[in-house]
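Student: starting from these lines, generate the structure:
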Amino acid sequence: MVNKVILIGRLGKDPEIKTFDNGNSIANFSLATNETYKDRNGEKQDRTDWHNIQVGIPGLVKLVQQYFKKGDVMYLEGKLRTREYEKEGQKRYVTEVQAETIRFLPKPTVSNQEGLSSSSAQTHEANTEDFIASDSPFNDDLPF
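Tutor: Sure thing, here's the model as predicted:
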């Protein structure tokens, strides 16, 4: 079984950092992805999807807190997770992406009529392996 999400998009708001009594922190933010397609009539349509992102790996939380803000372009890999909570006596569900790998991407610049081309900014990467101890339960091999 595979639970893998790969997204490239823009942060919809500055990351919100929550720190707990035990010193652990999480970062939450929204990421917008968009696609352009032609409808049945051949007319160009734009569609934006919003994704709830949660970062819980300590080093990645620090990275997000220090370097990302609303409008920045991000590449991320993670897992889909659905959690349940209760509000006003009703059970509610929210699906989030738990980020495991984050890369800085250059902000796209518009070039002529070719659409988007990236600038020459440097790309940086951080992933789970950089922040998880070798005896962590997340380091087990895949079963296939």
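Student: please report how far residue 27 lies from residue 46.
Tutor: 28 Å (CB to CB, to the nearest Å). In short, each C-beta sits where N, CA and C put it, glycine included.
Student: gap between the residue in the chain sticking out farthest from the centre and residue 19?
Tutor: Computed with CA atoms, centre = their mean, the residue of the chain farthest from its C-alpha average is residue 41, at 33.4 Å. For residue 41, the distance to residue 19 equals 51 Å [CB to CB].
Student: what of residue 10?
Tutor: Residue 10 is 25 Å from residue 19, by CB to CB.
Student: higher neighbour count, the two?
Tutor: The neighbour comparison of residue 10 against residue 19 (other CB atoms under 10 Å) goes to residue 10, with 18 against 10.
Student: list the contacts of the more buried one.
Tutor: By CB atoms under 8 Å, 6 or more residues apart in numbering, the contact list for residue 10 reads 31-32, 71-74.
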